[in-house]
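K.L.:
coordinates for the following, if possible.
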Amino acid sequence: MPNNKIYDQHIHTCFSDDSQADPEEEIKQAIATGLAGICFTDHNDFGYKQPDGSDHFTLDFESYLEKLLPLKKKYSDKIKVCVGLEQGLTVPAADLIADFDPEKKLDFIIGSTHVVDGIDPYYDIYWEQKSISEGIRHYFENMYDEVRTIDNFDVYGHLDYICRYIPDEKIKKDPRDFLPMDLISEILKVIIDKGKGIELNTAGLRRGLFANPCDKILNEYYRLGGEIITTGSDAHRPEHVGYDLDVAYRILAETGFKYIAVFTGRKPEFMPIS
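P.N.:
Here you go, the predicted structure:
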């Protein structure tokens with residue numbers, strides 16, 4: 001599949017605390033690999049704390065826009081460049097999230113669940129005193145509250161993010177039997193009813209796992225009539241821009257999707273998956 005039909009709508013730069021990537025280098029990488037377009041989506045998580053209590057993922061929004069918005073124009077004759085955000089969703093921060101970007105300067109907002117009860121499942125402490133089933137279900141219980149409460153996002157990012165950090169290597173590679181599909185189905189129904197979408201994120205493939213969400217969730221979204229879906233590499237380095245998105249497109253086509261959504265000005269345009 002020619003890359004010039006592929007869009008990477010989940011890319012991080014040095015404005016995210018977990019990346020040192022120069023955004024212009026990432027644009028150059030996208031051009032070199034023939035991508036049709038990219039969207040920067042740096043982290044903003046209100047109230048995110050590391051286990052030592054220090055703040056993390058607080059975006060300097062004005063500096064972010066000052067750096068990235070001119071790049072849209074600079075490279076407009078070579079590639080579609082959009083500026084978005086990955087907003088960490090938590091119910092306690094619902095009002096702050098609702099008021100974010102009031103001047104509507106962003107093209108796209110990914111809503112993601114990174115924190116449950118103040119802890120990222122990335123850290124071992126989340127899993128203490130929880131079975132794997134309990135830890136996963138509690139994550140999706142929080143997500144259910146978030147999708148019903150919060151509206152200021154366009155797609156839900158890496159819906160089964162928690163599965164990347166399951167503290168059992170065998171289950172981590174295939175967690176399908178541990179997914180609370182009754183609850184996940186309700187989450188997907190809310191997302192669809194609100195006119196939102198989900199993304200297929202290839203970062204798990206870099207880890208030797210699977211694209212997020214896994215096929216069981218992706219099939220359920222399709223079965224329920226979900227139509228809005230984006231693709232993203234979740235790149236934190238230039239060399240990861242566009243990573244395995246051809247695989248993502250193939251997965252979507254095999255699932256039955258005919259189009260991906262590409263967001264500009266917070267509105268989707270549907271591009272055929274050929």
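K.L.:
longest helix in the chain, please.
P.N.:
The longest helix of the chain (DSSP state H) is helix 132-149.
K.L.:
can you list the residues that contact that one?
P.N.:
89-91, 94, 111, 113, 116-117, 121, 126-127, 130, 156, 159, 162-163, 166-168, 171, 175, 178-180, 183-184, 186-187, 190-191, 194, 196 (Cβ atoms under 8 Å, 6 or more residues apart in numbering). Quick note: C-beta positions are derived from backbone N, CA and C, even for glycine.
K.L.:
6 Å instead, please
P.N.:
Outside helix 132-149, the residues within contact range by Cβ atoms under 6 Å, 6 or more residues apart in numbering are 89, 91, 94, 113, 116, 127, 162, 166, 178, 180, 183-184, 187, 190-191.
K.L.:
quick one, helices of the stretch 1-150 of the chain?
P.N.:
23-32, 61-74, 94-98, 132-149 (DSSP state H, counting those that start in this stretch).
K.L.:
export the ones you listed to TSV and tack on mean neighbour count and distance to residue 271?
P.N.:
Output for these, formatted as TSV (neighbours: other Cβ atoms under 10 Å; distance: least, Cβ to Cβ, whole Å):
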stretch	mean neighbour count	distance to residue 271
helix 23-32	19	16
helix 61-74	14	19
helix 94-98	15	28
helix 132-149	18	25
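K.L.:
turn those into CSV, including mean pLDDT and distance to residue 263.
P.N.:
Shown next, in CSV, are those (pLDDT from 0 to 100; distance: least, Cβ to Cβ, whole Å):
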stretch, mean pLDDT, distance to residue 263
helix 23-32, 98, 16
helix 61-74, 97, 13
helix 94-98, 97, 17
helix 132-149, 98, 18
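K.L.:
now those in TSV, with distance to residue 254?
P.N.:
Below are the helices of the stretch 1-150 of the chain laid out as TSV (distance: least, Cβ to Cβ, whole Å):
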stretch	distance to residue 254
helix 23-32	25
helix 61-74	33
helix 94-98	34
helix 132-149	25
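K.L.:
among those helices, which is nearest residue 265?
P.N.:
helix 61-74 (11.6 Å; Cβ to Cβ).
K.L.:
so that closest one versus helix 23-32, what angle?
P.N.:
30 degrees (axes from the mean of the first three to the mean of the last three Cα atoms, to 10 degrees).
K.L.:
same for helix 61-74, what does it pack against?
P.N.:
The helices and strands touching helix 61-74, judged by 3 or more Cβ pairs under 6 Å, 6 or more residues apart in numbering; DSSP states H and E, are strand 80-88.
K.L.:
give me the neighbour count for residue 45.
P.N.:
Look at residue 45: counted by other Cβ atoms under 10 Å, it has 23 neighbours.
K.L.:
who's in contact with it?
P.N.:
Counting by Cβ under 6 Å, 6+ apart, residue 45 has contacts 57, 88, 114.
K.L.:
residues touching the residue nearest to the last one when sequence neighbours are not counted, list them.
P.N.:
This points to residue 114. Leaving out its chain neighbours, the residue that sits closest to residue 114 by Cβ to Cβ, 6 or more residues apart in numbering is residue 88, at 4.7 Å. Counting by Cβ under 6 Å, 6+ apart, residue 88 touches 45, 112, 114.
K.L.:
need the per-residue pLDDT for the residue of the chain most remote from its centre.
P.N.:
Relative to the centre of the chain, and counting by Cα atoms, centre = their mean, the farthest-placed residue is residue 129 at 28.1 Å. With respect to pLDDT, residue 129 has a value of 91.
K.L.:
hmm, back to that, tilt between the longest helix of the chain and strand 80-88?
P.N.:
Using the same axes, to 10 degrees: helix 132-149 against strand 80-88 is 110 degrees.
K.L.:
export helix 132-149 as PDB, just CAs?
P.N.:
Taking Å, rounded to 0.1, in the frame of the first residue of the first chain, the C-alpha atoms of helix 132-149 are listed here in PDB:
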ATOM      1  CA  ILE A 132      -5.300  -8.700  36.800                       C
ATOM      2  CA  SER A 133      -9.000  -9.000  36.200                       C
ATOM      3  CA  GLU A 134      -9.700  -6.400  38.900                       C
ATOM      4  CA  GLY A 135      -7.100  -4.000  37.700                       C
ATOM      5  CA  ILE A 136      -8.400  -4.100  34.100                       C
ATOM      6  CA  ARG A 137     -12.100  -3.900  35.100                       C
ATOM      7  CA  HIS A 138     -11.400  -0.900  37.400                       C
ATOM      8  CA  TYR A 139      -9.700   0.900  34.500                       C
ATOM      9  CA  PHE A 140     -12.700   0.500  32.300                       C
ATOM     10  CA  GLU A 141     -15.100   1.500  35.100                       C
ATOM     11  CA  ASN A 142     -13.200   4.800  35.300                       C
ATOM     12  CA  MET A 143     -13.400   5.100  31.500                       C
ATOM     13  CA  TYR A 144     -17.100   4.600  31.500                       C
ATOM     14  CA  ASP A 145     -17.500   7.500  33.900                       C
ATOM     15  CA  GLU A 146     -15.200   9.600  31.800                       C
ATOM     16  CA  VAL A 147     -17.000   9.100  28.500                       C
ATOM     17  CA  ARG A 148     -20.400   9.900  30.100                       C
ATOM     18  CA  THR A 149     -19.000  13.000  31.800                       C
END
